[in-house]
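> Just the structure for this:
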Amino acid sequence: MKLWSGVLLFLMAAGGAVAADLQVEVRGIQGTEGNIRLALYENPKTFRKEEHSRLQQSQPAQAGTLTFRIEGLAPGRYALIVYHDADSSGTLNRFLGMIPTEGYGLSNNPQLSGPPAFNDAAFDVSDSGLDTIIELRY
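This is a model prediction of the structure:
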């Protein structure tokens, strides 16, 4: 009887796990060359290091607006970077290694004068999910 009670409690706890959906509308895309790339970060220490992002998604570029959907995301604090990889190189091109030469945007659409920090773009996802808009800057 104790074994079945333990199994029942485990199944109830597992069934109660919360997963949310994040919908990201990317606006201001200029041109149809290459791809629009999105990277989701949850760790401030690895922010801006795409290879260390929680997940990455890519869609063929289209002028205007694209929508990304991330399903089954645990509630928590995240940040997004989106960029127009016009040459399909898989990285955001930068002048002198610092200044983006392709369109890019961050969650919260902060106005920055220097490299962005995680907190500039951080937002909270609740168990009900979130819809957000990112404007690309070229």
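
> if I look at Gly97, how far off is Ser58?
Gly97 sits at a distance of 23 Å from Ser58 (criterion: C-beta to C-beta, to the nearest Å). Every C-beta, even on glycine, is put in place using the N, C-alpha and C of the backbone.

> repeat for Leu112
As judged by C-beta to C-beta, Leu112 and Ser58 stand 24 Å apart.

> re the thing from before, between Gly97 and Ser58, point out the one with more neighbours.
Taking neighbours as other C-beta atoms under 10 Å, Gly97 and Ser58 compare with Ser58 leading, 15 against 5.

> Would you confirm that that one contacts Arg37?
Yes. With contacts counted by C-beta atoms under 8 Å, Ser58 reaches Arg37, the gap being 4.9 Å.

> so what sits against both of these two?
Asp85 (C-beta atoms under 8 Å, 6 or more residues apart in numbering).

> all helices in the protein, in order from the N-terminus.
Applying DSSP state H to the chain gives helices spanning 2-15, 118-121.

> Select from those helices the stretch with the lowest mean pLDDT.
Least confident of the helices of the chain, judged by mean pLDDT, is helix 2-15 with a mean of 46.

> okay, now Val18: neighbour count?
For Val18, the neighbour count with other C-beta under 10 Å is 11.

> what does the one 10 residues further on give?
Taking other C-beta under 10 Å as the criterion, the count of residues near Gly28 is 16.

> can you pull the contacts of the nearest residue to it once chain neighbours are set aside?
Among residues not flanking Gly28 along the chain, Leu136 sits closest, at 4.4 Å (C-beta to C-beta, 6 or more residues apart in numbering). For Leu136, the contact set (C-beta under 8 Å, 6+ apart) comprises 26-30, 82-84, 103-105.

> where's Leu136 relative to Gly64, distance?
11 Å.

> same thing with Leu92?
Using C-beta to C-beta, we find Leu92 at a distance of 20 Å from Gly64.

> Quick check on these two: which one has the bigger neighbour count.
Of the pair Leu92 and Gly64, Leu92 is the one with more neighbours under other C-beta under 10 Å, namely 19 against 11.

> So for the protein, which residue is the most central one in space?
The centroid of the chain falls nearest to Leu40 when counting by C-alpha atoms, centre = their mean (3.1 Å).
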